[in-house]
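Enquirer: 3D, please:
(2 chains)
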Amino acid sequence: MSIVAQVERFVAMGTRVELHVFGGGFADAVIAARRAIEGVDDALTIHRPSPTTAVNDELLAGRAAAIDDPVLIEALIAIQDVHALTDGLFDPAIDQRFGGAGWGDVVFDPRTARIAATRPLALDFGGFGKGFALDRACAALRDAGVVSACLSAGESSLAVIGEHPLGGGWPFAIPHPLVDGGVLVELDLIDEALSISTTVGAGTHAPERAAMIRPSDGAIVTAARCAVAVDRSGGRAEALSTALLVADDAGARRLLEGGPTRRFLYDLSHEAAPTVDVARMHAA
Amino acid sequence: MTDKDFDLTRRSFIDRVMMATAGAGMAAAAPWAVSAASAASAGADPVKTNPVRLGVIGTGDRGRTLIQNINKTRNCAVVSICDTYAPNLAKARQWVGPTTRVFSDHRAMLDAGGIDAVVIATPLHLHARHSFDAFDAGLHVWCEKAMARTIADCGAMVTRSQAANKVLQIGHQRMFHPTYLNALKRAQTGEIGSLTQIRASWHRNNAWRRAVPADATDRQINWRLYRDSSAGLMTELATHQLQVGNWFFDAPPTRVIGSGSICFWKDGREVYDHVALIYEYSGGRKFIYTSLLNNARYGCEEQIQGSKGTIEPELGRIYQEVPAKVLALQRMQKDVARGHKRTVPIGGATWFPELPVTTPGESLGWGEYDETMLQFEGFGAAVRAGKPLPGLLRQAYQASVASLLGEQAMDRGEAMTWPTNLVAI
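Expert: Below you'll find the model as predicted:
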């Protein structure tokens, strides 16, 4: 007997989202997961009025702000964690308009839900939001008893619940962004999230796509790179892949050493990268 | 086609209309179709035992098409035909019986009697006069769209029909088409979300000019190209689509702006060969319309756009606002269904271009039968009952006014607000 699957497809977080939930009787759970992602989109977007844009208006004006949106509060708490995890290489307060401004200028108190900044800046949850949204969707599905599911936000952010419906890990192959049919790495995931960040390949020249900025010096990262990160948390995986992409050599090495089988960085600047080349994976 | 085949297709057509109009919402949104289909469904006798006797004024191409559709009905029969141009009458004779009376003057036809109603398929500027004469003769009127050459004459046709207590029905066949009815029903149930815009076009690539025989004048044959007799694209084509717009928005427009030009066919015509207009509706909704005569790529269509989807009734499709599937995940799902596990290649672009949806959409269901038959059966039932099909005339009146108001907006180069002095229906 075939395994029942329920699929939900929709647009959120500026990309296409797919939820594949295996096992019967989870219709309500799938809708709850969708609502969770849409809720994150509503809270964190900077492309239409949102709690985040309201906070940004205050921070840009040099004022402190009280936050009453629970999703935004939870996101900011998670940001504190991933900022530390990435040695500050993932920074949601980087903005080309305000050179040098960063998360280090932000004062956020989770107990009072108040945020302020020592200089004008704006928050941008790109490089974190999709993974964070998948985390919340996974939580909704797990709460409903789902034990096997695969969630995708734009193909560059994935999360899986439990094992593959046929047992074992979920097998993924990360395509080479420049070589048709080439594979950078194959990974098996169980209860994990995967994030891919790249400066080359499809979509990197999308209209209005923000440049990758290195927080340490404010430089725009132009090197041809692709970073892959796996973590229990989607938000952390996404922040890690973003951090790997913008890190200098020393910073990248530190991050890679923190997860030698779960973090990968590919230098694609010279030619088409060799496939599944472990030696180069760890060389920034 | 045998009589049995015909009866089956007629039956299935009416069944589809009945199905599309079922429910309280549709009874309010398309009451004319409910009435017409109910009457057609109730008529058990396939033979025209006591048909409504029609006299057709104008037997050009459109008039002859109408005669063929009337011949399909169970309750109407053409007993008289009339045209001022003899070759049109000669062509029409093949579609009528040998006892059908033939006239070259419509007054003579009216005076001769023996008819219950007239069908008017003459040039636009004659609709009002022919209607008035018919009402004065105590007859009901079925008239081709648009109603009349001026907004005032449109209103006068309504008031004259009301004063005479006679049916006035205008030819808008989309109002009887099961695809349009089904589209409206699905829009009403919220399938495509809040309707905010309708983008409509009628694009052709021909001169819209007919060869003029030696025994006729250009203005006689090509009356659509001259302002005395027509508003061109607005009254001959846009009227249909403006009716659809008003129908789906459930209101007439509040204002119209537009631009018209004779851009390509500089052959002495007086009416625009390019029109582009925006009709505004309450709540910021818009009907965006273009019609032209030198490019047929986008043809005739109404794109009814909501927050959750789009309906294209001419194509008979409904599209949901759902992004394209991720092929790798689709394959993974199929693999699981057949008990097969293999690596999922994934990791492409987060961003995807906002290109037009190329998915085929879902069919709204096309009718193989001609809805013009049903509108005449509805007209026949209305004549028999002495009461017009509910709601239809108001739709037609507002569509004609909208088309003529659009012409005024283009001619004057200024926004025209919806008239406040229209006749109440």
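
Enquirer: in its sheet, what does the lengthiest strand in chain B sit against?
Expert: For chain B, the strand with the greatest residue count under DSSP state E is strand B:195-203. According to DSSP bridges, strand B:195-203 forms sheet pairs with strand B:286-292 (parallel), strand B:300-306 (antiparallel).

Enquirer: what sits against the residue lying closest to B:G171 once chain neighbours are set aside?
Expert: Distances taken as CB to CB, 6 or more residues apart in numbering or on different chains put B:E144 closest to B:G171, at 4.8 Å, once the chain neighbours are dropped. Just so you know, the C-beta spots here come from the backbone N, C-alpha and C atoms, and that holds for glycine as well. The contact partners of B:E144, taken as CB atoms under 8 Å, 6 or more residues apart in numbering or on different chains, are B:58, B:62, B:66, B:120-122, B:127, B:170-171.

Enquirer: report pLDDT for the residue positioned nearest the centre of chain A.
Expert: Closest residue to the average C-alpha location of chain A: A:E238 at 2.7 Å, with CA atoms, centre = their mean. Confidence at A:E238, expressed as pLDDT, is 95.

Enquirer: equivalent analysis for B:E321, please.
Expert: Residue-level pLDDT assigned to B:E321 equals 76.

Enquirer: try the one 4 residues further on
Expert: Per-residue pLDDT puts B:K325 at 69.

Enquirer: cool, and B:Q408?
Expert: pLDDT, B:Q408: 98.

Enquirer: next one: the one 4 residues further on
Expert: Note on B:R412: pLDDT of 98.

Enquirer: do the same with B:A90
Expert: The model's pLDDT for B:A90 equals 96.

Enquirer: any idea of the mean pLDDT for the host helix or strand of B:V78?
Expert: Here B:V78 sits within strand B:76-82, counting by DSSP states H and E. What strand B:76-82 shows for mean pLDDT is 97.

Enquirer: now the element after it, going C-ward?
Expert: helix B:86-92.

Enquirer: elements contacting that following helix?
Expert: helix B:61-72, strand B:76-82 (3 or more CB pairs under 8 Å, 6 or more residues apart in numbering or on different chains; DSSP states H and E).

Enquirer: residues contacting residue 196?
Expert: If you meant another chain, say so; for now it's chain A. Per CB under 8 Å, 6+ apart, neighbours of A:I196: A:155-157, A:174, A:226-228, A:241, B:347.

Enquirer: my bad, the chain I had in mind was chain B
Expert: Contacts of B:T196 (CB under 8 Å, 6+ apart): B:284-286, B:305-307.

Enquirer: ok, B:L195 next?
Expert: B:187, B:248-249, B:285, B:304-306.

Enquirer: again with B:D411
Expert: Per CB under 8 Å, 6+ apart, neighbours of B:D411: B:G260.

Enquirer: now B:S161
Expert: Per CB under 8 Å, 6+ apart, neighbours of B:S161: B:131, B:135, B:141, B:167-168, B:388, B:393.

Enquirer: for those residues, which one is nearest chain A?
Expert: B:L393 (42.8 Å; CB to the nearest CB).

Enquirer: which phi and psi does the closest one have?
Expert: phi -60, psi -40 (degrees, to the nearest 10).

Enquirer: same check, this time on A:G24
Expert: Per degrees, to the nearest 10, the backbone of A:G24 is at phi -90, psi 160.

Enquirer: state the pLDDT value of it.
Expert: 86.

Enquirer: what's the local residue count around the nearest residue to B:R219 once chain neighbours are set aside?
Expert: Excluding the flanking residues, the one nearest B:R219 by CB to CB, 6+ apart is B:Y226, at 5.5 Å. Neighbour count of B:Y226, defined by other CB atoms under 10 Å in any protein chain shown: 17.

Enquirer: roughly how far apart are B:Y226 and chain A?
Expert: B:Y226 sits 48 Å away from chain A when distances are taken as CB to the nearest CB, to the nearest Å.

Enquirer: I figured that residue hits B:R269, correct?
Expert: Yes: at 7.3 Å, B:Y226 counts as touching B:R269 under the criterion of CB atoms under 8 Å.

Enquirer: now stretch B:19-39, how far from the centre of its chain.
Expert: 17 Å (CA atoms, centre = their mean, to the nearest Å).

Enquirer: which positions within the longest helix anywhere in chain A qualify as buried?
Expert: Longest helix of chain A, by residue count under DSSP state H: helix A:27-44. Residues of helix A:27-44 classed as buried: A:29-30, A:32-34, A:36-44 (neighbour count, 16 or more other CB atoms under 10 Å in any protein chain shown).

Enquirer: from the residues you listed, pick the one nearest chain B.
Expert: A:R34 (12.0 Å).

Enquirer: give me every residue that touches that closest one.
Expert: A:8, A:10, A:12, A:17, A:19, A:137.

Enquirer: what is the neighbour count of the third one?
Expert: Looking back up the chat, that one is A:A12. 22.

Enquirer: state the distance from the spatially closest residue to it that is not a sequence neighbour to B:F287.
Expert: Closest residue in space to A:A12, ignoring its immediate chain neighbours: A:D41 at 4.6 Å, by CB to CB, 6+ apart. For A:D41, the distance to B:F287 equals 31 Å [CB to CB, to the nearest Å].

Enquirer: one more: B:T159?
Expert: 27 Å.

Enquirer: the more surrounded of those two?
Expert: B:F287 (26 against 13).

Enquirer: show me what contacts the residue nearest to B:D228 when sequence neighbours are not counted?
Expert: The shortest distance from B:D228 to any residue other than its chain neighbours is 6.2 Å, reached at B:H125 (CB to CB, 6+ apart). Neighbouring residues of B:H125 by CB under 8 Å, 6+ apart: B:148-149, B:223, B:228-230.

Enquirer: neighbour count, secondary structure and pLDDT added to the residues you listed, as CSV?
Expert: CSV is the format used below for these (neighbours: other CB atoms under 10 Å in any protein chain shown; DSSP: H, G, I helix; E, B strand; the rest coil; pLDDT from 0 to 100):
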residue, neighbour count, secondary structure, pLDDT
B:A148, 25, coil, 98
B:R149, 23, coil, 98
B:W223, 20, helix, 97
B:D228, 11, coil, 97
B:S229, 21, coil, 98
B:S230, 22, coil, 98
